[in-house]
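Colleague: Build me a model from this:
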Amino acid sequence: MNIKLILLTAASCIAFAACHHAPTHNAKENGQLVQKIENLQAVPASDSNDAKLYQLDKGCAIEFTGFYETGKATETWSFQGKQLLSAKSVISTYVDHGLNQTNNFDQPIKIASQQHKNFDIHDADTQKNFQSLLGYFKDDELQKCQ
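Modeller: All right, here's what the predicted structure looks like:
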């Protein structure tokens, strides 16, 4: 086997592993929970959902999680004032669609796959969704996001 091919394969594996395990912003770890809202009207409809407003050092983040029969979707919206800075989602699909897993609620449900997506914060639909999400939170709590 050609040494260049071996080195290229090894470099590709390392690069993929580094990207795959790169840390992501986690609002819970980096901020203080200010307000939590449950069962928002959301599209697509979910079995249940919640949105949590976290105050960060600069601005705030909203973590929206929708629970579905086959998995969950978590969106993180970071902003300062009412200016959206970043928005992303992680869609997690459960192993066996969450079926056939023991009813041990201390153990997390096993994840089969995850899809990561960054939203275009300049897109009109993204801005509309962000403004709609802000509407669920109390104005005095949003004032902490300056």
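Colleague: can you give me the helices for the chain?
Modeller: Assigned by DSSP state H, the helices in the chain fall at 3-20, 27-30, 124-134, 139-142.
Colleague: what is the rounded mean pLDDT of the longest strand anywhere in the chain?
Modeller: Across the chain, the longest stretch assigned as strand under DSSP state E is strand 83-94. For strand 83-94, mean pLDDT is 94.
Colleague: That strand vs helix 124-134, what angle?
Modeller: 90 degrees (axes from the mean of the first three to the mean of the last three C-alpha atoms, to 10 degrees).
Colleague: residues of strand 83-94 that come out buried?
Modeller: L84, A87, K88, S89, V90, I91, S92, Y94 (16 or more other C-beta atoms under 10 Å). (Glycine included, C-beta is placed from N, CA and C.)
Colleague: Which one of the residues you listed is nearest to H116?
Modeller: Nearest to H116 among these is V90, at 5.5 Å by C-beta to C-beta.
Colleague: Leaving out sequence neighbours, find the closest residue to that closest one.
Modeller: In space, V90 comes closest to T74 once its chain neighbours are excluded; the distance is 5.0 Å by C-beta to C-beta, 6 or more residues apart in numbering.
Colleague: what residues are up against Q55?
Modeller: For Q55, the contacting residues are G31, Q32, V34, K144, C145, by C-beta atoms under 8 Å, 6 or more residues apart in numbering.
Colleague: ok, the second one to T126 distance?
Modeller: Looking back up the chat, that one is Q32. 26 Å (C-beta to C-beta, to the nearest Å).
Colleague: quick one, which of the two is more surrounded?
Modeller: More neighbours surround T126 than the other of Q32 and T126, with 15 against 12 (other C-beta atoms under 10 Å).
Colleague: That one against N118, yeah?
Modeller: No - in this structure, T126 is not within contact of N118 by C-beta atoms under 8 Å, at 10.2 Å.
Colleague: intersection of neighbour lists for the two?
Modeller: A87.
Colleague: where does this protein dip in pLDDT?
Modeller: Where the chain drops to pLDDT under 70, the residues are 1-30, 96-109.
Colleague: what do you get if the cut-off is 80, keeping everything else the same?
Modeller: 1-30, 42-46, 96-111 (pLDDT under 80).
Colleague: Perfect, I'm done here.
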